[in-house]
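**Q** need a structure here:
(one chain, ligands or ions: 1)
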Amino acid sequence: MRCPFCNSSKIKVVDKRESGEDAIRRRRECESCKKRWTTYEKIELLPIVVVKRDGRLESFDRNKIRSGIMRAVEKRPVSPDKVNDILNDVENEIRSRGKSEIKSREIGELVMNKLKNVDEVAYIRFASVYRQFKAVEDFEKELKELKKK
Ligand SMILES: [Zn+2]
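**A** Down below sits the predicted model:
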């Protein structure tokens with residue numbers, strides 16, 4: 001990189017911080033002319049396709065997962081920061097697999113595993129939607145499994 005003002009290559013970074021969800025902001029200073037400017041580094045992410053239960057494809061949507069989690073934690077003692085942590089963990093796990101496709105079921109299981117350790121009620125709510133419990137017995141079985149731990 002060169003200074004946009006004097007074209008010098010002597011540039012230092014004076015400040016660096018995360019900006020938004022996937023960009024890094026750097027404040028730069030030219031050592032020759034002392035002018036300052038800001039650059040944004042965008043992290044390029046592999047696009048991920050979600051295979052739905054019925055075989056249809058849709059692009060990976062973080063907000064969709066977020067609203068599922070939000071519904072599950074409604075009126076529960078789970079902070080928005082915690083919800084973000086869960087989202088980040090889930091997304092990292094999906095991306096670290098290095099595959100461009102994931103089944104919606106698998107995403108559901110990942111979220112459930114996280115919720116299990118955060119809030120029991122939220123977990124059960126989420127599980128009942130994702131596993132599509134057909135009967136009350138399924139629901140009770142899940143509850144019993146939880147109680148064992
Ligand atoms: Zn300069």
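**Q** what about Glu142, neighbour count?
**A** By other C-beta atoms under 10 Å, 17 other residues sit near Glu142. The C-beta positions use only the backbone N, C-alpha and C, and glycine is treated the same way.
**Q** For the lengthiest helix in the chain, which helices and strands make contact with it?
**A** Criterion DSSP state H: the longest helix present in the chain is helix 80-96. Judged by 3 or more C-beta pairs under 8 Å, 6 or more residues apart in numbering; DSSP states H and E, helix 80-96 is in contact with helix 62-72, helix 104-116.
**Q** deepest of these, which one?
**A** Counting by mean count of other C-beta atoms under 10 Å, helix 104-116 has the highest mean neighbour count of these, with a mean of 18.
**Q** The helix or strand following that one packs against which elements?
**A** Per DSSP states H and E, the first helix or strand lying C-terminal to helix 104-116 is helix 120-130. Where contact means 3+ C-beta pairs under 8 Å, 6+ apart, helix 120-130 is packed against helix 62-72, helix 104-116, helix 136-148.
**Q** The ion is nearest to which of the helices and strands packed on helix 80-96?
**A** Closest approach to the ion among these (C-beta to the ion): helix 62-72, 38.8 Å.
**Q** Off-centre distance for the closest one?
**A** Here helix 62-72 is found 10 Å from its chain centre; the criterion is C-alpha atoms, centre = their mean, to the nearest Å.
**Q** List of residues touching it?
**A** 83, 86-87, 90-91, 107, 111, 115, 122-123, 125-126, 129-130 (C-beta atoms under 8 Å, 6 or more residues apart in numbering).
**Q** any chance of those in JSON lines, plus pLDDT and distance to the ion?
**A** Putting the contacts of helix 62-72 into JSON lines (pLDDT from 0 to 100; distance: C-beta to the ion, whole Å) gives the following:
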{"residue": "Val83", "pLDDT": "94", "distance to the ion": "44"}
{"residue": "Ile86", "pLDDT": "94", "distance to the ion": "44"}
{"residue": "Leu87", "pLDDT": "93", "distance to the ion": "41"}
{"residue": "Val90", "pLDDT": "93", "distance to the ion": "44"}
{"residue": "Glu91", "pLDDT": "91", "distance to the ion": "39"}
{"residue": "Ile107", "pLDDT": "92", "distance to the ion": "48"}
{"residue": "Val111", "pLDDT": "94", "distance to the ion": "49"}
{"residue": "Leu115", "pLDDT": "93", "distance to the ion": "51"}
{"residue": "Ala122", "pLDDT": "93", "distance to the ion": "53"}
{"residue": "Tyr123", "pLDDT": "92", "distance to the ion": "56"}
{"residue": "Arg125", "pLDDT": "88", "distance to the ion": "57"}
{"residue": "Phe126", "pLDDT": "90", "distance to the ion": "54"}
{"residue": "Val129", "pLDDT": "78", "distance to the ion": "56"}
{"residue": "Tyr130", "pLDDT": "71", "distance to the ion": "55"}
